[in-house]
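S.K.: Structure for this input, please:
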Amino acid sequence: MAKRTTSAGRRPASNKPYAGSLGEMLDDAGFEPLGRRIRVSDRGGGTQLPSPPKWFDPVVEFLWAALPDLAANHWDHLYIDALQSACQALVALGQAVLDGSGGIKVNPEPALPSILPRLDDVASVIVCLAAQVGFLEYRHFTGALDRPSPIGLRRPNIRADHGSGPAYLAPEAFRVFESLDLVLGARWTERAETIFWRDNPSEWGLDFTKDRRFIRARDAALATVPDDIAEKIEKTAVITEESIVEWLQIAPKTKTREDALKSLRFWSSHSLDRVFHRRWRLDCGWLSVEESVRTLLIEHDALSISMRRQFAARYLPHAPFLNE
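M.R.: Residues are numbered from 1 along each chain as shown. Have a look, this model is predicted:
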């Protein structure tokens, strides 16, 4: 799956929904426009619905607007990580349903879910999606040796702060970033720092693995591995002779045992990444099965992958391929 691709040109906004447009479909699905906002309509006999958190409407609006709508009432992730996470988020937020063909469509009965996804995961999805579609453009720190010429680049309008670097943030994205407490007064907030660790922009040259918060979280993860997670982790470290033989039986005849080991080690690392993607977070360590229900899967989560490597180097020294 691709982490990021070059975004296509943006379509101009329309004040009136046209046939087959997002606006018309959201109206049909029961959404009400509030200026540029979108919210779920109240349904049925004056029943008072619980109020959503302040970030809910801006997040839902931004996700729908940024996703490519390839056909009427159908949005596809195109096997791009940021878009897939966005589709997943809309389903978790009760605003979309899977369409059975790899994409999503508007939920005909959108509603505030009783269990909301984790806010840090929602914020990470928004950051990755904004960067994917060109609403967020990272810039190098002033004085960076590899800083490119600014010619042709939009000037940064968000100043570096709290360990995060300068960036250009499109007007379309300001509201959702502010609702998630990521930006304030044209500066990144303290909360934004560890969210950006998960996207890890190369322009900023971050090395959060030396940060005391990362080191403390790593040590805590090593000391508190739950039994069910320990069992899963141990399984990823074992590549059996039987697995190698089975791989060679279905592979082209030109493939060798070394090819089998390389492939099986890759998938073992991927499996361990999934454990961290679903069952570990920086601020609270290992998650219970019940807590993991609220997580959103972000395939190229640089923070989780870095933690997996450093954890494996210490917890699974007999499987060095898992810390690569």
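
S.K.: Let me know the average pLDDT across stretch 282-292.
M.R.: For stretch 282-292, mean pLDDT rounds to 96.

S.K.: I'd like the numbering to begin with 639 instead of 1 from here.
M.R.: Understood, numbering begins at 639; the last thing we discussed is stretch 920-930.

S.K.: in it, what's buried?
M.R.: By neighbour count, and taking 16 or more other CB atoms under 10 Å as the criterion, the buried residues in stretch 920-930 are 920, 923, 924, 925. Backbone N, C-alpha and C define where each C-beta goes, glycine included.

S.K.: Any figure for the gap between the last one and residue 863?
M.R.: As defined by CB to CB, to the nearest Å, residue 925 lies at a distance of 12 Å from residue 863.

S.K.: coming back round to it: and the buried residues of stretch 920-930, which of them are in strands?
M.R.: Residues from the buried residues of stretch 920-930 lying in strands, with DSSP state E as the criterion: 923, 924.

S.K.: Closest one to residue 797 out of the buried residues of stretch 920-930, please.
M.R.: Out of the buried residues of stretch 920-930, the one with the shortest distance to residue 797 is residue 920. That distance is 24.4 Å, counting by CB to CB.

S.K.: so which strand or helix has the nearest residue to the closest one once chain neighbours are set aside?
M.R.: Leaving out its chain neighbours, the residue that sits closest to residue 920 by CB to CB, 6 or more residues apart in numbering is residue 855, at 5.2 Å. Secondary structure from DSSP states H and E places residue 855 in helix 850-861.

S.K.: Counting by contacts, list what whatever helix or strand comes next after that helix packs against.
M.R.: On the C-terminal side of helix 850-861, the closest following helix or strand by DSSP H and E is helix 865-874. Packed against helix 865-874 by the contact rule (3 or more CB pairs under 8 Å, 6 or more residues apart in numbering; DSSP states H and E) you find helix 895-917.

S.K.: angle of the helix it packs on against helix 865-874?
M.R.: In this structure, helix 895-917 runs at an angle of 160 degrees to helix 865-874, with axes from the mean of the first three to the mean of the last three CA atoms, to 10 degrees as the basis.

S.K.: in helix 895-917, what counts as buried?
M.R.: Using 16+ other CB under 10 Å as the burial criterion, the residues of helix 895-917 that qualify are 898, 902-903, 906-907, 910-917.

S.K.: Name the residues that touch the helix holding residue 855?
M.R.: Helix 850-861 is contacted by residues 832, 846-847, 918, 920, 923-924, 941, 944-945, 948-949, 952-953 when judged by CB atoms under 8 Å, 6 or more residues apart in numbering.

S.K.: Hmm, residue 770 is touching residue 706, no?
M.R.: No - in terms of CB atoms under 8 Å, residue 770 does not count as a neighbour of residue 706; the distance is 10.5 Å.

S.K.: Now do the shared contacts for those two.
M.R.: The contact lists of residue 770 and residue 706 share residue 721, where a contact means CB under 8 Å, 6+ apart.

S.K.: Between these two, which has more neighbouring residues?
M.R.: When residue 770 and residue 706 are compared on other CB atoms under 10 Å, the one with more neighbours turns out to be residue 770, at 23 against 15.

S.K.: Is the more buried one part of a helix or strand, or is it coil?
M.R.: Following DSSP: H, G, I helix; E, B strand; the rest coil, the label given to residue 770 is helix.

S.K.: How about it: what's its closest non-neighbour residue?
M.R.: Taking CB to CB, 6+ apart, and ignoring the residues beside it in sequence, residue 770 has residue 720 as its nearest neighbour in space, at 3.8 Å.
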